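J.: Have a look; sequence and predicted model below, questions after that.
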Amino acid sequence: AQKVTQAQTEISVVEKEDVTLDCVYETRDTTYYLFWYKQPPSGELVFLIRRNSFDEQNEISGRYSWNFQKSTSSFNFTITASQVVDSAVYFCALSEARGANNNDMRFGAGTRLTVKP
Amino acid sequence: AAGVIQSPRHLIKEKRETATLKCYPIPRHDTVYWYQQGPGQDPQFLISFYEKMQSDKGSIPDRFSAQQFSDYHSELNMSSLELGDSALYFCASSLRGQLNTEAFFGQGTRLTVV
């Protein structure tokens, strides 16, 4: 069964520090998708990125960057120069492409990031 | 752009009552997924529908049922509510059941059972 582990339950940093959120996954499938979502205190799930298993290119989007390493089954997320508005719970998620109709997403336990001014 | 719409946003029910949550997917999306997120927990997959048929089932209690209608909106029906059902319920939608595109989540329905 697919599994996502976010070992860091809570992280606290001071504004402008860089911070990396870890995500390790387990799957037997060769085709799968990895996601990161942000959940601010208001509760909604905000999509950040999707990566398929065949694309190991790292991605950078502004202050956000993602490091996908299939060799270590990791999909880590780095925020550069963190800001108070980055404070949220961040979820890593995995979806196995088992078929056309059953591709539900399974989440890690989440990492609560607090950025202090 | 239109997003996933969930209603109501907040709902308060008493124990043993029933509740119905609604989800309207993004236009042209034919797949909906329901998730339950308890306080301090990660979202747990409940059930999904593709083209009005149940496509996958997760940890959905027998007291809950769901369906997808001809216009692709979905309803989650919850009966004999328990205090432990208090949670944030998310709906997500995608196209053709594929999560090789983003699964878009609604803003959630916060259910409180008292």
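T.: Noted; the coordinates are in hand. Numbers count the residues shown, from 1 in each chain, chains lettered A, B, ... in the order given.
J.: can we go C-alpha only for contacts and neighbour counts from here?
T.: Will do.
J.: what ranges do the helices span in chain A?
T.: In chain A, no segments count as helices under DSSP state H.
J.: least trustworthy helix or strand in it by mean pLDDT?
T.: Evaluated with mean pLDDT, DSSP states H and E, the helix-and-strand set of chain A has its lowest mean pLDDT in strand A:59-61, which scores a mean of 87.
J.: show me where pLDDT drops low in chain A?
T.: Scanning chain A for pLDDT under 70 picks out the ranges A:1-2, A:97-103.
J.: Let me see the ranges of the strands in it.
T.: All strands of chain A, identified by DSSP state E, fall at A:3-5, A:10-14, A:19-21, A:24-26, A:32-39, A:46-52, A:59-61, A:64-69, A:74-79, A:88-96, A:106-107, A:111-116.
J.: which helices and strands sit right next to the least confident helix or strand of chain A?
T.: In terms of contacts (3 or more Cα pairs under 8 Å, 6 or more residues apart in numbering or on different chains; DSSP states H and E), strand A:59-61 is packed against strand A:64-69.
J.: highest average neighbour count across the strands of chain A?
T.: strand A:88-96 (a mean of 26; mean count of other Cα atoms under 10 Å in any protein chain shown).
J.: Adjacent strands (with direction) for that one?
T.: strand A:32-39 (antiparallel), strand A:106-107 (antiparallel), strand A:111-116 (antiparallel) (DSSP bridges).
J.: a markdown table for these, including distance to A:Q69?
T.: Shown next, in a markdown table, are the strands paired with strand A:88-96 (distance: least, Cα to Cα, whole Å):
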| stretch | distance to A:Q69 |
| --- | --- |
| strand A:32-39 | 12 |
| strand A:106-107 | 18 |
| strand A:111-116 | 20 |
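J.: To A:D86, which of those lies closest?
T.: Checking the strands paired with strand A:88-96 against A:D86 by Cα to Cα gives strand A:111-116 as the closest, at 6.7 Å.
J.: which ones are touching A:S74?
T.: A:22-25, A:67-68 (Cα atoms under 8 Å, 6 or more residues apart in numbering or on different chains).
J.: Which pLDDT value belongs to the residue positioned nearest the centre of chain B?
T.: Relative to the mean C-alpha position of chain B, the nearest C-alpha, by Cα atoms, centre = their mean, is the one of B:W34, at 3.3 Å. pLDDT, B:W34: 94.
J.: Equivalent analysis for B:L88, please.
T.: pLDDT at B:L88 comes out at 97.
J.: can you check B:S48 too?
T.: 90.
J.: Check which helix or strand the closest residue to it other than its chain neighbours maps to.
T.: The shortest distance from B:S48 to any non-neighbouring residue, by Cα to Cα, 6 or more residues apart in numbering or on different chains, is to B:Y33 (4.2 Å). Using DSSP states H and E, B:Y33 sits in strand B:31-37.
J.: After that strand, which helix or strand is next?
T.: Next along the chain after strand B:31-37, taking DSSP H and E as the criterion, comes strand B:44-50.
J.: List the contacts of that following strand.
T.: Here strand B:44-50 makes contact (Cα under 8 Å, 6+ apart) with A:101-102, A:104-107, B:30-37, B:54-60, B:66-68, B:96-97.
J.: which of these count as buried?
T.: Among the contacts of strand B:44-50, those classed as buried by 16 or more other Cα atoms under 10 Å in any protein chain shown are A:101-102, A:104-107, B:30-37, B:54-56, B:60, B:66-68, B:96-97.
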